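Engineer: what follows is a protein structure lacking sequence information:
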């Protein structure tokens, strides 16, 4: 599989701004955190597992960036409030929130509707819907004060086209679309933009799965007009950086696939 790995000099698109990124202990969240740090943002790395967040911070620090780690479960409103306060205490402000956290393996586990129990729904919704709600409520006063607040939700193409055997995740990600549009209307007068992206990226588990199943990999990659999955840092991360910068300050209420053309090819 061809993946963009060459790093390019990052402009200081986010210099002086503070970004809190959830679920940033690995995968797409880590890629976004690294891209933000390269764009000179001060980054608050949050996740349910403190050690993995510390690893992300260590990478950022080694590259000359600025970051802190805060262990936080987005399903816990008090934990989100503490993470936001930690950002303000350390850096004096909060300009950007990227709600990337999801329910991990649950979100990718195939399950037929007749086999779903209420706990399955509640467990995933606690992270997806509750998490976005908690992040929005906790961050709003600081995004208002910022003057150029940005709120980003990581969606999924499943929320656009649906997915057989995955109705919970598809429904939750479809709900993100309405949430983003509603907040964009509500927060627009405060100068805050609210958007979602639907990414497709080759995370570590994806790479392992494809290495073990090359025939599946080859079939899947044929679906991409660009012929490859994205890099969490270079493709997804930079897209979010651009969306949070002044370059795209007139874009709000949108759900944007960042997926090498995958959605358009379906």
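Structural biologist: The structure has been received and is ready for your questions. Everything numeric in this text was worked out from a predicted model, so none of it was measured. Residues are numbered from 1 along each chain as shown.
Engineer: drop to CA atoms for contacts and neighbour counts, all remaining ones
Structural biologist: Noted.
Engineer: which stretches of the stretch 151-266 of the chain form helices?
Structural biologist: Taking DSSP state H, counting those that start in this stretch as the test, the helices found in the stretch 151-266 of the chain are 158-161, 167-187, 204-212, 214-221, 238-244.
Engineer: which of the ones you listed sits closest to residue 36?
Structural biologist: helix 238-244 (6.1 Å; C-alpha to C-alpha).
Engineer: for that closest one, name the packing helices and strands.
Structural biologist: In terms of contacts (3 or more C-alpha pairs under 8 Å, 6 or more residues apart in numbering; DSSP states H and E), helix 238-244 is packed against helix 27-38.
Engineer: angle of the helix it packs on against helix 204-212?
Structural biologist: Orientation note: helix 27-38 sits at an angle of 120 degrees relative to helix 204-212 (axes from the mean of the first three to the mean of the last three C-alpha atoms, to 10 degrees).
Engineer: can we start the residue count at 590 from this point?
Structural biologist: Shifting the count to begin at 590 puts that one at helix 616-627.
Engineer: right, and the helix or strand after helix 616-627?
Structural biologist: Counting by DSSP states H and E, the next helix or strand C-terminal to helix 616-627 is strand 631-636.
Engineer: give the pairing partners of that following strand; include direction for each.
Structural biologist: When pairing is defined by DSSP bridges, strand 631-636 lines up against strand 607-610 (parallel), strand 655-660 (parallel).
Engineer: re earlier: would TSV of the helices of the stretch 740-855 of the chain with mean neighbour count and distance to residue 847 be doable?
Structural biologist: Converted to TSV, the helices of the stretch 740-855 of the chain look like this (neighbours: other C-alpha atoms under 10 Å; distance: least, C-alpha to C-alpha, whole Å):
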stretch	mean neighbour count	distance to residue 847
helix 747-750	17	13
helix 756-776	19	15
helix 793-801	13	17
helix 803-810	13	15
helix 827-833	22	8
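Engineer: out of the ones you listed, which is closest to residue 699?
Structural biologist: helix 756-776 (9.0 Å).
Engineer: can you tell me the average pLDDT over the closest one?
Structural biologist: Summarised as a single mean, pLDDT over helix 756-776 is 89.
Engineer: who does it touch, helix- and strand-wise?
Structural biologist: helix 707-735, helix 747-750, strand 782-788.
Engineer: lowest mean pLDDT across these, which one is that?
Structural biologist: The weakest mean pLDDT among those belongs to helix 747-750, with a mean of 70.
Engineer: give me the distance from that one to the chain's centre.
Structural biologist: 16 Å (C-alpha atoms, centre = their mean, to the nearest Å).
Engineer: by contact count, what packs against that helix?
Structural biologist: In this structure, helix 747-750 packs against helix 756-776, with contacts taken as 3+ C-alpha pairs under 8 Å, 6+ apart.
Engineer: quick check: angle from the helix it packs on to strand 782-788?
Structural biologist: Between the axes of helix 756-776 and strand 782-788, defined by the same axes, to 10 degrees, the angle is 160 degrees.
Engineer: residue nearest the centroid of this structure?
Structural biologist: For the chain, the residue nearest the mean C-alpha position is residue 689 (2.9 Å; C-alpha atoms, centre = their mean).
Engineer: okay if I get the strands paired with strand 631-636 as TSV plus mean neighbour count?
Structural biologist: As requested, these are exported to TSV (neighbours: other C-alpha atoms under 10 Å):
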stretch	mean neighbour count
strand 607-610	28
strand 655-660	23
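Engineer: got those strands as TSV, with mean pLDDT and distance to residue 724 columns?
Structural biologist: Below are those laid out as TSV (pLDDT from 0 to 100; distance: least, C-alpha to C-alpha, whole Å):
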stretch	mean pLDDT	distance to residue 724
strand 607-610	98	10
strand 655-660	98	14
